[in-house]
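K.L.:
quick one, structure for this:
(one chain, ligands or ions: 1)
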Amino acid sequence: MSHQQFDPGALACAVAGTVLTPADAGYDAARTVWNAMIDRRPAAIVRVRDDRDVCTAVRAAARAGLPVAIRGGGHNIGGLAVCDGGLVVDLSAMRGVSVDAAVRRVEAQGGAQLRDLDAAAQREGLIVPGGVVSSTGVAGLTLGGGFGWLSRSCGLAADNLVSLDLVDGSGHLFTVDAGHHPDLFWALRGGGGNFGVVTRFRFCAHPLASDVLFGPTVHRMGDAASVLREYRDFCADAPRECCVWADLCTAPPLPFLAPEHHGERVLILMQCYRGDLAEGERVLAPLRGIGRPIGDAVAPTPFCEAQARLDDTYAHGARNHWASQSYAALDDDTIDRVVALAGTMPTDESDILICQLGGAIDDVAPGETAYPHRGTAFMVTPGARWRDPDDDARCVGWAREAGRRLAAGASGRAYVNFEPETAASAPRVFGASVDRLRQVKRRHDPGNVFRVNHNVAPAG
Ligand SMILES: Cc1cc2nc3c(=O)[nH]c(=O)nc-3n(C[C@H](O)[C@H](O)[C@H](O)COP(=O)(O)OP(=O)(O)OC[C@H]3O[C@@H](n4cnc5c(N)ncnc54)[C@H](O)[C@@H]3O)c2cc1C
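P.N.:
The predicted structure is shown next:
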């Protein structure tokens with residue numbers, strides 16, 4: 001098929017939003033994403049204003065044979081919101097969220113961030129389960145699965161989808177739900193950004209009218225091996241209202257920590273309980289009693305405040321590389337490997353994060369959605385974080401090696417939203433879903449217009 005030349009001027013005339021090219025003042029800011037490792041130069045960035053703009057932009061890119069990168073929140077670790085030489089469809093001006101409290105439905109535009117979703121839902125005493133850093137895009141997070149503090153009680157973000165509006169590779173807009181394009185509805189819940197631009201997500205929401213019981217208990221790194229064993233055992237019997245993530249990191253100057261511990265390597269058990277607060281105190285007491293904590297600041301907390309608590313730790317602008325592994329169970333050997341790796345972290349901003357999953361996430365059968373990690377009890381992610389480009393090889397090397405060392409006992413699948421490496425990554429990140437995803441891709445994006453992602457090649 002022959003392609004027409006791409007004309008950014010013509011696209012600018014055709015859309016209500018703005019088009020930025022390398023000649024424009026705002027271009028460099030617009031191609032900057034969360035991970036400072038990413039430095040890509042698209043042919044143009046179209047900051048869309050509405051659904052029609054998205055259709056126009058996708059058609060222009062398809063006619064010119066340009067790859068399309070889709071920017072939701074710009075948080076992806078692999079920088080999948082930008083590409084070299086292609087067209088970025090940037091939804092950052094489409095962040096609207098509306099709530100219908102009577103039927104517990106929340107509708108978010110494709111560029112909304114978690115903070116937009118959380119604020120709007122909480123004004124009505126509702127929540128949609130999402131991630132744990134408030135600037136993360138709803139779009140990328142949900143399309144890859146999406147878990148956070150409330151996923152053990154309410155499921156993945158993707159599990160709470162009721163319908164989506166999608167612009168496919170031919171530039172057509174249509175609604176996808178269980179009754180309309182059920183193959184796409186399956187694929188969009190875990191298959192990432194392979195199938196088109198989602199302009200609107202509709203979620204079912206859950207009630208949360210009070211504070212959550214939330215905060216950290218901090219231990220010395222020297223106690224980490226034994227505390228993590230007890231943490232694992234606590235998690236095995238924990239109710240789904242409760243979620244605890246463990247982070248091996250360098251202690252920031254937290255106000256409740258004695259100054260002599262600031263800058264020390266520590267283990268933080270970050271806890272969240274949704275439900276009756278007195279019952280939460282009772283449930284979390286055994287965990288908070290483990291070992292010899294050097295600090296504890298678990299307290300009733302407004303949900304939106306809890307959602308923003310880690311924002312500074314993972315703020316935009318640092319260089320980052322991650323490697324994640326999923327486990328059906330954490331055995332002692334894995335815990336010992338994690339603790340040993342924590343002793344080799346390359347910078348004070350680096351960490352190893354253990355996410356507790358399970359609960360409601362596993363109420364959905366494997367295969368019911370494209371998300372391939374049902375039955376995962378814990379996800380472990382070594383994250384290198386640094387500032388100086390001269391440290392790139394050392395820090396990326398550490399994260400990759402850490403991932404390799406943690407592979408024993410793991411599922412062999414990486415979480416699409418935590419995976420920076422895209423070369424031939426589809427089997428690794430989509431696991432058993434990959435063949436069916438390829439069939440859906442063939443039906444809905446045979447030209448692979450959407451290939452700036454963990455790409456699923458169209459079948460055949
Ligand atoms: C600090 C930090 C904290 C995180 N915490 C969590 C967490 O708690 N839980 C969790 O599950 N994940 C978490 N993540 C991972 C996060 O889910 C992914 O980075 C996700 O890709 C972010 O979505 P985004 O819209 O910001 O991404 P972007 O970088 O904008 O886009 C990523 C990919 O998503 C697709 N995409 C984006 N917008 C659209 C759209 N409108 N339509 C179709 N496709 C689209 C595109 O294919 C793009 O390639 C975190 C990431 C960071 C950096």
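
K.L.:
surely residue 68 meets residue 58?
P.N.:
Yes - the pair residue 68 / residue 58 is scored as a contact, 6.2 Å apart, by C-beta atoms under 8 Å. From N, CA and C alone the C-beta is placed, and that goes for glycine too.

K.L.:
find residues that contact each of those two.
P.N.:
89, 197, 449 (C-beta atoms under 8 Å, 6 or more residues apart in numbering).

K.L.:
from those residues, list the buried ones, please.
P.N.:
When neighbours are counted using 16 or more other C-beta atoms under 10 Å, the shared contacts of residue 68 and residue 58 contain these buried positions: 89, 197, 449.

K.L.:
start to end distance for stretch 363-379?
P.N.:
One end of stretch 363-379 to the other measures 18 Å (C-alpha to C-alpha, to the nearest Å).

K.L.:
for the residue of the stretch 151-300 of the chain found nearest the ligand, what are phi and psi?
P.N.:
Here the stretch 151-300 of the chain gets closest to the ligand at one residue, residue 193, 1.9 Å apart by C-beta to the nearest ligand atom. Note on residue 193: backbone dihedrals following degrees, to the nearest 10 are phi -90, psi 30.

K.L.:
tell me the confidence at it?
P.N.:
pLDDT for residue 193: 94.

K.L.:
how about it, nearest residue that isn't a chain neighbour?
P.N.:
Take residue 193 and drop its neighbours on the chain: the residue closest to it by C-beta to C-beta, 6 or more residues apart in numbering is residue 453, 4.6 Å away.

K.L.:
which ones are touching that neighbour?
P.N.:
80, 192-194, 422.

K.L.:
narrow the residues you listed to those in helices?
P.N.:
Nothing among the contacts of residue 453 maps onto helices, per DSSP state H.

K.L.:
show me what from the chain comes close to the ligand.
P.N.:
Residues of the chain found near the ligand (C-beta under 6 Å from any ligand atom) are 33-34, 70-77, 80-81, 91, 110, 131-133, 136-137, 139-141, 143-148, 192-193, 197-198, 314, 417, 452-453.

K.L.:
what's next to stretch 364-373, contact-wise?
P.N.:
By C-beta under 8 Å, 6+ apart, the residues outside stretch 364-373 that reach it are 144-145, 155-156, 158-159, 186-191, 326, 357, 374-375, 379, 411, 413, 415, 429-433, 436-437.

K.L.:
where does the closest residue to residue 91 other than its chain neighbours land in three-state SS?
P.N.:
Nearest residue to residue 91 in three dimensions, chain neighbours excluded: residue 111, at 3.2 Å (C-beta to C-beta, 6+ apart). Secondary structure, DSSP: H, G, I helix; E, B strand; the rest coil: residue 111 is coil.

K.L.:
hmm, residue 111 is touching residue 139, no?
P.N.:
Yes - between residue 111 and residue 139 a contact is recorded at 7.1 Å, counting by C-beta under 8 Å.

K.L.:
what about the helices in this structure?
P.N.:
Using DSSP H, the helices of the chain run over 8-14, 27-30, 51-64, 114-123, 138-144, 151-154, 182-187, 224-237, 277-288, 303-308, 332-342, 392-405, 426-430, 434-444.

K.L.:
mean confidence for the second one?
P.N.:
Yep, that's helix 27-30 we're talking about. Mean pLDDT, computed over helix 27-30, is 98.

K.L.:
next one: the fourth one
P.N.:
Along helix 114-123, the predicted confidence averages to a pLDDT of 98.

K.L.:
helices or strands next to it in the packing?
P.N.:
Applying 3 or more C-beta pairs under 8 Å, 6 or more residues apart in numbering; DSSP states H and E, one finds that helix 114-123 contacts strand 97-100, strand 105-109, helix 138-144, helix 303-308.

K.L.:
quick check, pLDDT for residue 1.
P.N.:
You'll see residue 1 listed with a pLDDT of 61.

K.L.:
which residue does the stretch 351-460 of the chain bring closest to the ligand?
P.N.:
Residue nearest to the ligand within the stretch 351-460 of the chain: residue 417 (3.5 Å; C-beta to the nearest ligand atom).

K.L.:
returning to that earlier point: show the contacting residues for the residue nearest to residue 91.
P.N.:
By C-beta under 8 Å, 6+ apart, the neighbours of residue 111 are 71-73, 90-95, 137, 139.

K.L.:
verify the stated contact: residue 297 with residue 214.
P.N.:
No - the criterion here is C-beta under 8 Å, and residue 297 misses it with residue 214 at 9.2 Å.

K.L.:
so these two - more neighbours on which side?
P.N.:
Each of residue 297 and residue 214 has its neighbours counted (other C-beta atoms under 10 Å); residue 214 has more, 25 against 14.

K.L.:
right, and that one touches residue 304 too?
P.N.:
No - if you go by C-beta under 8 Å, residue 214 and residue 304 don't touch, sitting 11.2 Å apart.

K.L.:
where along the stretch 251-400 of the chain do the strands fall?
P.N.:
Assigned by DSSP state E, counting those that start in this stretch, the strands in the stretch 251-400 of the chain fall at 265-273, 295-296, 299-301, 319-322, 325-327, 351-356, 378-386.

K.L.:
just checking: what are the partner strands of the last one?
P.N.:
Right, strand 378-386. The strands beside strand 378-386 in its sheet (DSSP bridges) come out as strand 319-322 (antiparallel), strand 325-327 (antiparallel), strand 351-356 (antiparallel).

K.L.:
tabulate the ones you listed (TSV), appending mean pLDDT and mean neighbour count.
P.N.:
Shown next, in TSV, are these (pLDDT from 0 to 100; neighbours: other C-beta atoms under 10 Å):
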stretch	mean pLDDT	mean neighbour count
strand 319-322	98	23
strand 325-327	97	23
strand 351-356	98	24
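
K.L.:
out of those strands, nearest to residue 245?
P.N.:
In terms of C-beta to C-beta, the element of the strands paired with strand 378-386 nearest to residue 245 is strand 351-356, at 5.2 Å.
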